[in-house]
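Trainee: Requesting a structural model of the entry that follows:
(one chain, ligands or ions: 2)
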Amino acid sequence: MSDCLFCRIATGELPGDIVYEDEKMVVFRDIAPKAQVHLLAIPREHIESLNGLTEEHDALIAYMMRQLPVLAKAQGLESGFRTIINTGPGGGQVVFHLHIHLLGGTGLPGF
Ligand code: 5GP
Ligand code: ZN
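Mentor: Numbering: from 1, shown residues only. Ligands and ions are numbered 1, 2, ... in the order given. Okay, here's the model as predicted:
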């Protein structure tokens, strides 16, 4: 049993509002949304952060990036969306399983 919160959501051990999943990635709603739409896209593989990436992850990361506009459109974000990846405590990362924030719709905070 993993002690990683997002691994446990990905396996279904903990509840999550999952909007998309396949063999490589899982996407679920953030529990404390910062905008009308706030999704978290994670790899199924436990990777701590961008700092944990190696060359072996190149195809996985490219795949995840390509899914983001598809996910955004499925959420009705026709005019665009924002993505954020926090890395390390200095970058504001709180959950140490790599995740891409996908935000959009009303309430999108300024940046
Ligand atoms: P970070 O600051 O690490 O980039 O973002 C972590 C995100 O995970 C935060 O936006 C936070 O609201 C979200 N989060 C924390 N715990 C949970 C949880 O148990 N379930 C879900 N769906 N999101 C969570
Ligand atoms: Zn994990």
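Trainee: Can you name the next helix or strand after the longest strand seen in the chain?
Mentor: The single longest strand within the chain, with elements called by DSSP state E, is strand 37-43. The first helix or strand that comes after strand 37-43 along the chain, using DSSP states H and E, is helix 58-74.
Trainee: ok, the longest strand of the chain: who's next to it in the sheet?
Mentor: With DSSP bridges as the test, strand 37-43 is paired with strand 25-29 (antiparallel), strand 100-104 (antiparallel).
Trainee: export the last one as CSV, just CAs?
Mentor: So that's strand 100-104. Extracted in CSV, the C-alpha atoms of strand 100-104 (Å, rounded to 0.1, in the frame of the first residue of the first chain):
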residue,chain,number,x,y,z
ILE,A,100,-0.3,19.2,-13.8
HIS,A,101,-2.9,21.7,-12.7
LEU,A,102,-5.4,22.5,-15.5
LEU,A,103,-7.5,25.5,-14.8
GLY,A,104,-10.1,27.5,-16.7
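Trainee: Throw the strands paired with strand 37-43 into JSON lines and include mean neighbour count, mean pLDDT and distance to ligand 2, thanks.
Mentor: Using the backbone N, CA and C atoms, a C-beta is placed for each residue, glycine as well. Putting the strands paired with strand 37-43 into JSON lines (neighbours: other CB atoms under 10 Å; pLDDT from 0 to 100; distance: least, CB to the ion, whole Å) gives the following:
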{"stretch": "strand 25-29", "mean neighbour count": "20", "mean pLDDT": "98", "distance to ligand 2": "10"}
{"stretch": "strand 100-104", "mean neighbour count": "21", "mean pLDDT": "98", "distance to ligand 2": "14"}
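Trainee: Kindly reformat those strands as JSON lines and extend each row with distance to ligand 1.
Mentor: Below are those laid out as JSON lines (distance: least, CB to the nearest ligand atom, whole Å):
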{"stretch": "strand 25-29", "distance to ligand 1": "5"}
{"stretch": "strand 100-104", "distance to ligand 1": "6"}
